[in-house]
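K.L.:
Next come a sequence and a model predicted from it.
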Amino acid sequence: MAKEIRLNAFAMNCIGHQSPGLWRHPRDRSSNYNRLPYWIDLAKILERGRFDGLFLADVLGVYDVYGGSPDAALRHAIQVPVNDPLMLISAMAAVTSHLGFGVTCTLSYEPPFPFARRMSTLDHLTEGRIGWNIVTGYLDSAARGMGRDRQAGHDDRYDVADEYMEVVYKLWEGSWEDDAALRDRVSGIFTDPSKVHRVRHQGTNFQLDAIHLCEPSPQRTPLLYQAGTSPRGRLFAGRHAECVFMSGPSTKVIAPRVAAIRQAAVDAGRAGDDIVIFSIATIVLGATEAEAEAKLADYRHYIDHEASLTLMSGWTGVDFSTYELDQEVRHVLNDAGRSAMDNVTRADPDRIWTVREVAEHIGIGGIGPVFVGTPEKVADEIEAWAEQTGVDGLNLAFALSPESFADVADLLVPELTRRGRYKQAYQPGTLREKMFGAGRARLTAPHPAAHYRPQPS
């Protein structure tokens, strides 16, 4: 029996996210990103469609590689203005019961001690529905905003991340025993001090001597997402990640990356299916093929080449303002994100991209495929994509928000459900249990986080 296909929604606390220019479309509401009703309505749509979660991207810094200035990003709202994603979660959790929330937080610029408290707080308030997308950052502008000349080297950032994870695991898993919070009204003792343990860490990058400020939350460690598919990123994912998000325009790009991630898990002493893998895609639906194609054509009227290339320049660290539109894109290695450049250069040796083609492609939903058609046709394409790549699900970017998500919830989900490829109902429990099954609210061995949990005293 074919396994169920999982769906995440992919968004960001900004305008347009990965469809540059489409915020101008009369049906797009993403320019209301700074008002709670927008996010509350979106959360309700996603839960109606039984999405596993809302995956919220984030960046610290601005896309100022294109033309050596933030001007193009500001003109076109290329992920600026951008607000803090964590502030959205409580409101959306209050109007949903099952929807998970995977939030991107950059570990390079925040000490682990206050960050661990914020994630524990959200795990409590969502009743175990919070996840953390672990990123190290890729913008020099973010580093300058934090008082540094530039970001650290690509692989060096992952070395710091490994130690960061050790510290937060010690806080989330090792500081409080499960029964430390007594809540004993008769004795007047809320917490048994003997069951709360001081965390001491003296490392290369971090020093800590403290107890975690929060009692154990439903998951303790939030569900762990990660998005790096470079060799060093795969090593990190194999050790730490429970869910991996990847981008790529074709099965030829995605399939070897899926295999490499699963092998990385095995190399780290885990099982390949210990990691749930999502790849990015955008879906355009219609009652007929003609209606879906007309909708896509309408969307394409709003693509702006400069806007798209501003986004791509930020992802790759390559200034695409210096390229002609019909020039071939060639590989450049630097300390920005590696996967975005690989996607349009060496990942698929059978495809040569021009700058114009890159701009047109990422203008609708970023670097993933766009599935267009009736619910039946798109369901066929998604099933084929999953079988040819080995992914567990899709991280769905939008052309228009919330239209793209509402179409999936109301048109595609019923078709996938009819085929037995989508869940009939949410499973009870935490986000981790929804991903991996009942009784798995918390991380277990051989995941390294489990090694820091104290034995009951």
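P.N.:
That came through, no problem.

K.L.:
In three-state terms, label the residue nearest the centre of the chain for me.
P.N.:
Note on the chain: the residue nearest the mean C-alpha position is residue 55, at 4.7 Å, using C-alpha atoms, centre = their mean. Here residue 55 is strand, with the state taken from DSSP: H, G, I helix; E, B strand; the rest coil.

K.L.:
Shouldn't residue 208 be within a strand?
P.N.:
Yes. Per three-state DSSP, residue 208 lies within a strand segment.

K.L.:
Where does the closest residue to it other than its chain neighbours sit, in terms of helix or strand?
P.N.:
Of all residues beyond its chain neighbours, the one nearest residue 208 is residue 201 (4.3 Å), with distances taken as C-beta to C-beta, 6 or more residues apart in numbering. (Glycine included, C-beta is placed from N, CA and C.) Applying DSSP states H and E as the criterion places residue 201 in strand 199-202.

K.L.:
Pull out the buried residues from that strand.
P.N.:
Neighbour counts using 16 or more other C-beta atoms under 10 Å place 199, 201 of strand 199-202 among the buried residues.

K.L.:
residues near the residue lying closest to residue 40 once chain neighbours are set aside, how many?
P.N.:
Closest residue in space to residue 40, ignoring its immediate chain neighbours: residue 95 at 5.3 Å, by C-beta to C-beta, 6+ apart. Neighbour count for residue 95, taken as other C-beta atoms under 10 Å: 14.

K.L.:
Contact partners for residue 95?
P.N.:
With C-beta atoms under 8 Å, 6 or more residues apart in numbering as the criterion, the residues that contact residue 95 are 40, 43-44.

K.L.:
can we see that at 10 Å?
P.N.:
With contact set as C-beta atoms under 10 Å, 6 or more residues apart in numbering, residue 95 has these partners: 36, 39-41, 43-44, 47.

K.L.:
Run through the bridge partners of residue 243.
P.N.:
Residue 243 has these beta-bridge partners by DSSP bridges: residue 225, residue 276.

K.L.:
okay, it: pLDDT?
P.N.:
Here, the pLDDT recorded for residue 243 equals 97.

K.L.:
same question, residue 339
P.N.:
60.

K.L.:
can you list the contacts of residue 95 in a markdown table and add neighbour count, distance to residue 212 and pLDDT?
P.N.:
Shown next, in a markdown table, are those (neighbours: other C-beta atoms under 10 Å; distance: C-beta to C-beta, whole Å; pLDDT from 0 to 100):
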| residue | neighbour count | distance to residue 212 | pLDDT |
| --- | --- | --- | --- |
| 36 | 13 | 30 | 98 |
| 39 | 24 | 29 | 98 |
| 40 | 16 | 31 | 98 |
| 41 | 17 | 35 | 98 |
| 43 | 24 | 29 | 98 |
| 44 | 16 | 33 | 98 |
| 47 | 18 | 31 | 98 |
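
K.L.:
can I assume residue 50 is in contact with residue 409?
P.N.:
Yes. Between residue 50 and residue 409 there is a contact at 8.0 Å, judged by C-beta atoms under 10 Å.

K.L.:
follow-up on the earlier one: wait, doesn't the residue nearest to the centre of the chain sit right on residue 132?
P.N.:
No. With contact defined as C-beta under 10 Å, residue 55 does not count as touching residue 132 (11.1 Å).

K.L.:
Between the two, which contacts overlap?
P.N.:
Residues touching both residue 55 and residue 132 (C-beta under 10 Å, 6+ apart): 101-104, 225.

K.L.:
returning to what we had before: so what does the residue nearest to residue 40 have for phi and psi?
P.N.:
phi -110, psi 10 (degrees, to the nearest 10).

K.L.:
roughly how far apart are it and residue 41?
P.N.:
9 Å (C-beta to C-beta, to the nearest Å).

K.L.:
what's the answer for residue 74, then?
P.N.:
27 Å.

K.L.:
Show me the shaky parts of the chain.
P.N.:
Applying pLDDT under 70 to the chain flags the ranges 1, 331-350, 455-457.

K.L.:
Which residue ranges of it form strands?
P.N.:
For the chain, the strands defined by DSSP state E cover 6-12, 53-57, 100-106, 130-135, 181-184, 189-191, 199-202, 207-210, 223-226, 243-246, 276-285, 370-373, 393-397.

K.L.:
That'll do, ta.
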